[in-house]
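Asker: Any chance you can model this:
(2 chains)
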Protein chains: 2
Amino acid sequence: MSTLTEAPKPAGSLLLAFQVKGKHCLVIGGGNVALSRVEHLIRANAKITVITGGGNVCQEMKDYAANGKIHKLVEREFKSTDLTMYENVNKFSDVDQISDAASFDLIKSSVYNEIFAIVCCCIDNYALSEKIYYQCKYLRLPVNIADKPPLCDFYFGSMYNQENLQIMVSTNGKSPRLSRIVKDNIAKEFDGIDLNKAVENLGLIRSRLRNLIPIDDDDVLNIDTRMNWIKTLTDFFTLKQWSELELIPPSSAPPYDNRHKYIDNIIKYFPDYPPSDFEEFKSVVICD
Amino acid sequence: MSTLTEAPKPAGSLLLAFQVKGKHCLVIGGGNVALSRVEHLIRANAKITVITGGGNVCQEMKDYAANGKIHKLVEREFKSTDLTMYENVNKFSDVDQISDAASFDLIKSSVYNEIFAIVCCCIDNYALSEKIYYQCKYLRLPVNIADKPPLCDFYFGSMYNQENLQIMVSTNGKSPRLSRIVKDNIAKEFDGIDLNKAVENLGLIRSRLRNLIPIDDDDVLNIDTRMNWIKTLTDFFTLKQWSELELIPPSSAPPYDNRHKYIDNIIKYFPDYPPSDFEEFKSVVICD
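Answerer: Model (predicted):
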């Protein structure tokens, strides 16, 4: 067996970026946990329906509804038929017949406009929660019953958001406190860093390198050299430092386009490296 | 409207920790992308079925199957009936009848033992991929069609794993390279840090503080003071530094239990603070 590929070690959950933009999502409950679910769903651009149940509805939830952030706020007890409240049943054909554009369109409209992409239940009634869980499973709706890990298809984690970047920290339900501390640590690490800029800078160097040091695609040895050079260069500096570099000269403008000047200052070292000291690197690279 | 609660800004996906442990998951394809899906699923302890399709099957996939990491490796083209290959149909009753333990058990066994929790399609045939997508939607199976973002209920991200801690970095499909760089950055930040130890240390200080500085639960002002003290103290040091402290004296043993000695050295400063210089902190705290 020792010659076989070593499998990854089990490490908890399958972390996924779920796409709920424009899709119906159901939250059952009107308290603080329900509110936090709603806020996650607002961030993900979901079409949110809230069935508040019998208890008090927190002010923020009412505000979100008044703000138009919640698609539908239903202030009453939950009914089983709520789980399919937007569905028009008996419309699907048999699975084997799903093979042409017309059937695709039918399913698409049903999926996006009718079915709840996820259900979050945040009520204090355990018997009702359990019933909702099994009804969701019957209907094949992914469901999270708050505070009842065995009745959850998915958990929430601590999240850090920055424009096109999202980071989730999860302890698989074991220590939300640890999640939060680690998330705050990551936030501290990345706050004030324009990550898109850092990646843009690295992308500029990479594409210019490909142009200046063209290599036959079959020349694996040289492809490796080029790849390792970029990789090593990337590791010279932190993301914060990469984000702070302005690698396009401010004076760059047609017809005298010198936009690659600074980048060429870096690439002229290839296959050696420019200085790894950030200040020295800047003084060598960013000079006209 | 300005008096209403300000809603969170839309920021992409809904990041979730999906629970697929012991659940059937389907991967269609036998190449490198399929392999990476399988590795994600192995980490999450899923029961993996792979339908390889007509192309070549990579060696690692065969090794995982030989290793018993893949529940079932089917080396042939995909058929529509594969999507329900473990299901016994026509067993469910109507949704309204799902209200007693017997019906719960019936659904539970069907859900866990029969239905694919997720489907990942990683083949080069677009027409077949599209058909699989819509068939999955008809069957209400969450599905990811590799490299076709509009045909994905979820995306994968870059992942960092440490014992009970998982971190996912996602750019919402926009820049897998940025995800990887940020993930590597986080890995560099946390590697060699025993995060559980850091949290254990902070937990010890917190619980001892509660014992030594008891406060009436209604005394909001003092509760705040205590909370802010812990928060400020937490921020004094990095997670790495907190993970490196041994706050239980090595000599601690009954009947002469001095296990709180070092922690009490910290708390004696309350509501002032111990030194924020790490070396000074250590020399003041960890001394017998």
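
Asker: Could you give the number of residues near residue A:280?
Answerer: Residues near residue A:280, counting by other C-beta atoms under 10 Å in any protein chain shown, number 11. Every C-beta, even on glycine, is put in place using the N, C-alpha and C of the backbone.

Asker: so does stretch A:104-123 get close to chain B?
Answerer: Yes: residues of stretch A:104-123 are located near chain B by C-beta under 8 Å from any C-beta of the partner chain, namely A:104, A:107-108, A:110-111, A:115, A:117-118.

Asker: Just the buried subset of these, written out for ChimeraX, thanks.
Answerer: Selecting only the buried entries of these in ChimeraX, with 16 or more other C-beta atoms under 10 Å in any protein chain shown as the criterion:
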select /A:104,107,110,111,115,117,118
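
Asker: How about residue A:14, nearest residue that isn't a chain neighbour?
Answerer: Among residues not flanking residue A:14 along the chain, residue B:44 sits closest, at 3.9 Å (C-beta to C-beta, 6 or more residues apart in numbering or on different chains).

Asker: returning to what we had before: just curious, which of the residues of stretch A:104-123 next to chain B is nearest to residue A:157?
Answerer: Proximity of these to residue A:157 was ranked by C-beta to C-beta; the top entry is residue A:118 with 14.9 Å.

Asker: Was I right to think that closest one contacts residue A:20?
Answerer: Yes: look at residue A:118 against residue A:20 with C-beta atoms under 8 Å: they come within range, at 6.6 Å.

Asker: Give the residues shared as contacts by these two.
Answerer: Common contacts of residue A:118 and residue A:20 (C-beta atoms under 8 Å, 6 or more residues apart in numbering or on different chains): residue B:14.

Asker: mind checking how far the helix or strand harbouring residue A:206 is from the chain centre?
Answerer: Using DSSP states H and E, residue A:206 sits in helix A:195-212. Offset of helix A:195-212 from its chain centre (C-alpha atoms, centre = their mean, to the nearest Å): 23 Å.

Asker: Could you identify the helix or strand that succeeds it?
Answerer: helix A:220-236.

Asker: residues in contact with that following helix?
Answerer: With C-beta under 8 Å, 6+ apart as the criterion, helix A:220-236 contacts A:202, A:205-206, A:209-210, A:213, A:215-217, A:242, A:266, A:270-271, A:273-274, A:276, A:278, A:281, B:181.

Asker: what comes up buried for that helix?
Answerer: Quick answer for helix A:220-236 (16+ other C-beta under 10 Å): A:226, A:229, A:233-234.

Asker: With stretch A:132-142 instead?
Answerer: Residues of stretch A:132-142 classed as buried by neighbour count (16+ other C-beta under 10 Å): A:132-139, A:141-142.

Asker: ok, is it in contact with chain B or not?
Answerer: Yes: counting by C-beta under 8 Å from any C-beta, chain B has neighbours in stretch A:132-142: A:134-135, A:137-142.

Asker: Narrow those residues to those in helices?
Answerer: Under the assignment DSSP state H, these contribute A:134-135, A:137-138 to helices.

Asker: from those residues, which single one is nearest residue B:123?
Answerer: Distances from residue B:123 to these, taken as C-beta to C-beta, are shortest for residue A:137 (29.0 Å).

Asker: what about the closest residue to residue A:22 other than its chain neighbours, how many neighbours?
Answerer: Leaving aside its sequence neighbours, residue A:22 sits nearest to residue A:47 (C-beta to C-beta, 6+ apart; 6.1 Å). Neighbour count for residue A:47, taken as other C-beta under 10 Å: 19.

Asker: Same check on residue A:178?
Answerer: 23.

Asker: Wait, it touches residue B:165, no?
Answerer: Yes: counting by C-beta under 8 Å, residue A:178 touches residue B:165, with 6.7 Å between them.

Asker: mind listing the strands in chain A by residue range?
Answerer: Using DSSP state E, the strands found in chain A span residues A:14-18, A:24-28, A:47-51, A:72-74, A:118-121, A:143-145, A:154-155, A:158-162, A:165-170.

Asker: chain center to the third one: distance?
Answerer: It stands for strand A:47-51. When distances are taken as C-alpha atoms, centre = their mean, strand A:47-51 is centred 21 Å away from the chain's centroid.

Asker: can you check the first one too?
Answerer: How far strand A:14-18 lies from its chain's middle: 8 Å, per C-alpha atoms, centre = their mean.

Asker: by contact count, what packs against that strand?
Answerer: Counting contacts by 3 or more C-beta pairs under 8 Å, 6 or more residues apart in numbering or on different chains; DSSP states H and E, strand A:14-18 is packed against strand A:165-170, strand B:14-18, helix B:32-43, strand B:154-155, strand B:165-170.

Asker: among those, which is nearest residue A:187?
Answerer: strand A:165-170 (8.5 Å).

Asker: Pull that closest one out as CSV, backbone CA atoms only.
Answerer: This file holds the C-alpha atoms of strand A:165-170, laid out as CSV (Å, rounded to 0.1, in the frame of the first residue of the first chain):
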residue,chain,number,x,y,z
LEU,A,165,-12.3,38.6,-1.4
GLN,A,166,-14.1,36.5,1.3
ILE,A,167,-12.6,34.5,4.0
MET,A,168,-14.5,32.1,6.3
VAL,A,169,-13.1,30.7,9.5
SER,A,170,-14.8,27.6,10.8
